[in-house]
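Visitor: sequence unavailable; structure follows:
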């Protein structure tokens, strides 16, 4: 009898031990996700539309869209957001300046930005220096702002003259300003850059010309998610790769889904005066198809490009000091 009791107690202890050490099943873990309100995050919108997060057992307790990467970066500092599809540069900023412990675990695309101009006023990039030219751009430190400075460097433009012409505003407000004749040029992320063409603007430069191999957006997770539930991160990377492949194989259907998802997400994002431009009026599948064709949807990341970006942001004074790209990158889960 004593022997039976000992075996029973031993069995209970072993069972309890396994219970303490076993990782929390991913289907029981709720995670908060933030995405940019752009086709940069197409793989997230596609995955959401097709129910691939649920298929993998991921329970999204929040799924928030943000107009700019800077706004999304602020949200990432909150405790309830563990995952984000966002531009690389705001990710670098939030890691270096806000000290939010994050890792980049996959890319989502390269490029995705452009300079759209009124062709009646601007024939070449040097015309941006002319007095009275009104140039739209996002806040200092945003990805498009950094591309603005790359443009100044690459084309040897007069920085003081260019910055004197800059009007700071977010992308949907820039498109509204273009429509009402208040801007002559605009540095914009896609899909906003392509939308500007609907109002007579011309794409003068794309990020491919300004910054070859420029990393666009990335999949970011909090370090705690990798530490505590690595299987969740593995699923997120797998879904991102699946969606990226699907986008490249089905571009027209992907554009239709992203257009629909953006229209649904945009309902509560914008004030009344720009809601039409931001969603129903101009964000059509045709516009998205043209815009998405200007991006290169890939999950791979070149660490040297990330390092170049970190160092350039330091040079601009947007972060205090450089750090090794390997500190913020973990690409071990990407399948070749």
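Guide: Sure, I can see it. No experiment lies behind these values; they were computed from the predicted model shown.
Visitor: next, the buried residues of stretch 50-57.
Guide: By neighbour count on 16 or more other C-beta atoms under 10 Å, the buried set for stretch 50-57 is 52-53, 56. In this view, the C-beta of every residue, glycine as well, is placed from N, C-alpha and C.
Visitor: which SS state does the spatially most central residue of the chain fall under?
Guide: Centroid check for the chain by C-alpha atoms, centre = their mean gives residue 86 as the closest residue, at 2.3 Å. Per DSSP: H, G, I helix; E, B strand; the rest coil, the local secondary structure of residue 86 is strand.
Visitor: would you list the buried residues of stretch 50-57 in JSON lines and tack on distance to residue 192?
Guide: What follows is the buried residues of stretch 50-57, written out as JSON lines (distance: C-beta to C-beta, whole Å):
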{"residue": "52", "distance to residue 192": "27"}
{"residue": "53", "distance to residue 192": "26"}
{"residue": "56", "distance to residue 192": "31"}
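Visitor: what about residue 186, which helix or strand?
Guide: Per DSSP states H and E: residue 186 is located in strand 185-189.
Visitor: helices or strands next to the very next helix or strand once past that strand in the packing?
Guide: Downstream of strand 185-189, the next assigned helix or strand under DSSP H and E is helix 192-196. With contacts defined as 3 or more C-beta pairs under 8 Å, 6 or more residues apart in numbering; DSSP states H and E, the packing partners of helix 192-196 are strand 113-117, helix 171-179, strand 185-189, helix 285-292.
Visitor: ok now helix 192-196, how far from the chain's centre?
Guide: Distance of helix 192-196 from the chain centroid (C-alpha atoms, centre = their mean, to the nearest Å) equals 17 Å.
Visitor: ok, stretch 131-150 next?
Guide: How far stretch 131-150 lies from its chain's middle: 18 Å, per C-alpha atoms, centre = their mean.
Visitor: kindly check the end-to-end length of it for me.
Guide: One end of stretch 131-150 to the other measures 21 Å (C-alpha to C-alpha, to the nearest Å).
Visitor: same check on stretch 75-91?
Guide: 11 Å.
Visitor: tell me the buried residues in that stretch?
Guide: 75-76, 81-91.
Visitor: and the furthest pair within the residues you listed?
Guide: Spatial extent of those (C-beta to C-beta) is set by the pair 82 and 89 at 20.6 Å.
Visitor: what's near enough to touch residue 87?
Guide: Applying C-beta atoms under 8 Å, 6 or more residues apart in numbering, we find residue 87 in contact with 36, 40, 69, 142-143, 189, 216-218.
Visitor: mind running it again at 10 Å?
Guide: Contact analysis of residue 87 by C-beta atoms under 10 Å, 6 or more residues apart in numbering lists 36, 38, 40-41, 68-70, 72-73, 93, 108-109, 112-113, 142-144, 146, 189, 215-218.
Visitor: likewise residue 318?
Guide: Counting by C-beta under 10 Å, 6+ apart, residue 318 makes contact with 89, 92-93, 96-97, 140-142, 145-146, 149, 312.
Visitor: now residue 109: which helix or strand?
Guide: Per DSSP H and E: residue 109 is located in strand 102-110.
Visitor: got a pLDDT number for residue 303?
Guide: pLDDT recorded at residue 303 is 97.
Visitor: these two touch, right, it and residue 213?
Guide: No: assessed by C-beta atoms under 10 Å, residue 303 is found out of contact with residue 213, at 11.8 Å.
Visitor: give me the pLDDT value at the closest residue to residue 247 other than its chain neighbours.
Guide: Leaving aside its chain neighbours, residue 247 sits nearest to residue 254 (4.4 Å; criterion: C-beta to C-beta, 6 or more residues apart in numbering). pLDDT, residue 254: 98.
Visitor: flag every buried residue along the helix or strand where residue 254 lies.
Guide: Using DSSP H and E, residue 254 sits within helix 251-266. Within helix 251-266, the residues that count as buried by 16+ other C-beta under 10 Å are 254-259, 261-262, 265-266.
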